[in-house]
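Colleague: generate coordinates for the sequence data below:
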Amino acid sequence: MIGFLSDLWPVVVGTLAVLLAVVTSAHVVLYKRDSRAAVAWVGMVLVFPILGAVLYALFGINRIRRLAAELRQERLRLEATTAELRVQRHNIEQVLPAGHDHLTALARLVDRVTHIPITAGNDVRPLVNGDVAYPAMIEAIDGAEHTVALSTYIFDHDSAGAAFIDALERAVKRGVEVRVLIDGVGALYSRQSITKELQQRKVPVAKFLHSLFPWRMPFLNLRSHRKILVADGRIGFTGGMNIREGHVLENNPRLPVQDVHFMFRGPVVGHLMHTFAEDWAFTTREILRGSNWFPELEPAGSVAARGIVDGPDEDLDKLRWALLGALARAQNRVRIVTPYFLPDSTLITSLNLAALRGVEVEIVLPQVSNLSFVKWASDAELWQVLDHGCRVFRSPAPFDHSKIMSMDGAWVLVGSANWDPRSLRLNFEFNVECYGTDFAAQIDRLIDEKISRCREVSSKDLNARSLPVKLRDGVARLMKPYL
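Modeller: Next up is the predicted model:
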């Protein structure tokens, strides 16, 4: 009997492995929208039936839509919008910069894609590095009289984090309603638990999709990458900057990181607050209501702006549509600053079409990356844009984490998203599109300053890489669907 079982178990295991591979592959084919990602997953499952199925269960399945649907059934998302965005729906042509009529089609596209009204009368200010951004953010927290909402991917328990913790504690002691939302995976970057510290200080805090157990947190790819701070519903901050001491360059940190954050005043702050409120309701099921969170917002500047909410739920591809629309409408110049550049084939084609139409396309990437593997994959694909007239620049150390896009001196996109599959397909992101020549000129000067310190990359440079380096970069590129 024992001999029979010993002969039988390889057949049973083999049969189960084949069935598992077939079932998993069928799920991939039915539910993966991106054909290249589907092929990659099916290939992995067929080559490594058990391991591939486990990895797909952890990283490949989007369960967020089902959870979001359940929450909508409980009317949480509907109730979260009862404090409706108190902004006037403007005639698009009336709020766009004069002399830039071609932007009207872009504004209408984003309007139809996002269903969020464009707002007029905003003031937007760039804050370069944590040296400028953090004091402004802490000043806003200290000046808050009613509410503070803070959402971030990483909130480190270091000198920068301590300053924010102290400010949030002071706000709580003043009687301010405070809510802090940290991504469940991003929270793990801090060796000493930041959430425990905030809880000890009586600061309300929650983790977005968090559990230490994989079977309870099958969302390892679906992270909240958003960075939002709103004080009293009137002053907002967003961009790509986490809360880490590495962003404060004047302190000579061990791992310095350049970045640009943005401060907003005016009606568009309601978009920041609305996004936070939905994320908070999604995570905690607490509904934030009332004028303390959603006050009437008066005009504060000359920029027309709109928040673009993007994520792997019903907001999928909204940002990607905006990027494609901007590239299609560009007439003179497109400028992109991003730390990670792994666009899909459609975006690459759109960049090349813009360049071939005579648009000056400039892409600024870091020379030194915090994720070498991603840089290798990016290097393996740069020829696709260089060969059609796009210009690529490498910014010197320290690592530049800035995320900015400028078009025709009148349109600017800022926020948390990178030009890679993770941001455009897997993460929850928040960006703001801004229409205004004065603000765009300010951003173009900032990009000019970056480019003045850059080294331009040519096809000759790429071809000069040694064979081992080309092979390394090529292998890294094969992992693009997972990056």
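Colleague: since we're on residue 284, how many residues are nearby?
Modeller: If you count neighbours by other C-beta atoms under 10 Å, residue 284 ends up with 17. For every residue, glycine as well, the C-beta is placed using N, CA and C.
Colleague: cool, residue 298 as well?
Modeller: Quick note: residue 298 (other C-beta under 10 Å) scores 10 neighbours.
Colleague: and it, which of the three is it?
Modeller: Under the three-state scheme (DSSP: H, G, I helix; E, B strand; the rest coil), residue 298 adopts coil.
Colleague: quick one: residues contacting it.
Modeller: 121, 266 (C-beta atoms under 8 Å, 6 or more residues apart in numbering).
Colleague: next one: phi and psi at it?
Modeller: phi -90, psi 160 (degrees, to the nearest 10).
Colleague: so what touches the longest strand seen in the chain?
Modeller: For the chain, the longest strand by residue count, based on DSSP state E, is strand 119-128. By C-beta under 8 Å, 6+ apart, the list of residues contacting strand 119-128 from outside reads 87-88, 90, 94-95, 133, 136, 237, 239, 260-268, 270-271, 298-306, 432, 434, 436, 439, 442-443, 446.
Colleague: let me see the contact set for the spatially most central residue of the chain.
Modeller: Taking C-alpha atoms, centre = their mean, the centroid of the chain lies closest to residue 417, which sits 2.9 Å from it. Residue 417 makes contacts with 225, 310, 319, 403, 423-424, 427, 429, 431, as judged by C-beta under 8 Å, 6+ apart.
Colleague: these in helices, which ones?
Modeller: residue 319 (DSSP state H).
Colleague: quick one: pLDDT of the residue nearest to the centre of the chain?
Modeller: Note for residue 417: predicted pLDDT of 95.
Colleague: returning to that earlier point: quick one: buried ones out of the contacts of strand 119-128?
Modeller: Those of the contacts of strand 119-128 that meet the buried threshold are 87, 90, 95, 133, 237, 239, 260-268, 270-271, 300-306, 432, 434, 436, 439, 443, 446, by 16 or more other C-beta atoms under 10 Å.
Colleague: quick one: neighbours of residue 455, just the number.
Modeller: With other C-beta under 10 Å as criterion, residue 455 counts 13.
Colleague: just checking, it touches residue 394?
Modeller: Yes: counting by C-beta atoms under 8 Å, residue 455 touches residue 394, with 5.1 Å between them.
Colleague: any shared contact partners between these two?
Modeller: By C-beta under 8 Å, 6+ apart, the residues touching both residue 455 and residue 394 are residue 367.
Colleague: which elements pack onto whichever helix or strand comes after the longest strand of the chain?
Modeller: Next along the chain after strand 119-128, taking DSSP states H and E as the criterion, comes helix 129-143. Applying 3 or more C-beta pairs under 8 Å, 6 or more residues apart in numbering; DSSP states H and E, we find helix 129-143 packed against helix 159-173, strand 228-231, strand 235-239, strand 260-265.
Colleague: include distance to residue 149 and mean pLDDT when you put those into JSON lines, please.
Modeller: Listed next are those as JSON lines, based on distance: least, C-beta to C-beta, whole Å; pLDDT from 0 to 100:
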{"stretch": "helix 159-173", "distance to residue 149": "11", "mean pLDDT": "96"}
{"stretch": "strand 228-231", "distance to residue 149": "5", "mean pLDDT": "98"}
{"stretch": "strand 235-239", "distance to residue 149": "9", "mean pLDDT": "98"}
{"stretch": "strand 260-265", "distance to residue 149": "13", "mean pLDDT": "98"}
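Colleague: possible to save the ones you listed as a markdown table with distance to residue 104?
Modeller: Formatted as a markdown table, the helices and strands packed on helix 129-143 follow (distance: least, C-beta to C-beta, whole Å):
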| stretch | distance to residue 104 |
| --- | --- |
| helix 159-173 | 41 |
| strand 228-231 | 28 |
| strand 235-239 | 25 |
| strand 260-265 | 23 |
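Colleague: what's the closest of these to residue 183?
Modeller: Residue 183 lies closest to strand 228-231 among the helices and strands packed on helix 129-143, at 12.1 Å (C-beta to C-beta).
Colleague: how near is residue 188 to residue 104?
Modeller: Note on residue 188: its distance to residue 104, by C-beta to C-beta, to the nearest Å, is 45 Å.
Colleague: distance of residue 207 from residue 262?
Modeller: 25 Å.
Colleague: what does residue 110 give?
Modeller: 18 Å.
Colleague: my read: residue 55 touches residue 40, true?
Modeller: No: Residue 55 is beyond contact range of residue 40, at 11.1 Å (criterion: C-beta under 8 Å).
Colleague: when these two are compared, which one has more neighbours?
Modeller: residue 40 (19 against 16).
Colleague: give me the element the more buried one is part of.
Modeller: Per DSSP H and E: helix 35-47 holds residue 40.
Colleague: and the next element down the chain from that helix?
Modeller: helix 49-55.
Colleague: who does that following helix touch, helix- and strand-wise?
Modeller: Packed next to helix 49-55, using 3+ C-beta pairs under 8 Å, 6+ apart, are helix 2-31, helix 35-47.
Colleague: mean pLDDT lowest where, among those?
Modeller: helix 2-31 (a mean of 68).
Colleague: how would you label residue 99: helix, strand or coil?
Modeller: From three-state DSSP, the assignment for residue 99 is coil.
Colleague: use 26 as the first number for this chain going forward.
Modeller: Understood, numbering begins at 26; the last thing we discussed is residue 124.
Colleague: so how far is residue 479 from it?
Modeller: 30 Å.
Colleague: pretty sure residue 289 is touching residue 260, no?
Modeller: Yes: in this structure, residue 289 is within contact of residue 260 by C-beta under 8 Å, at 7.4 Å.
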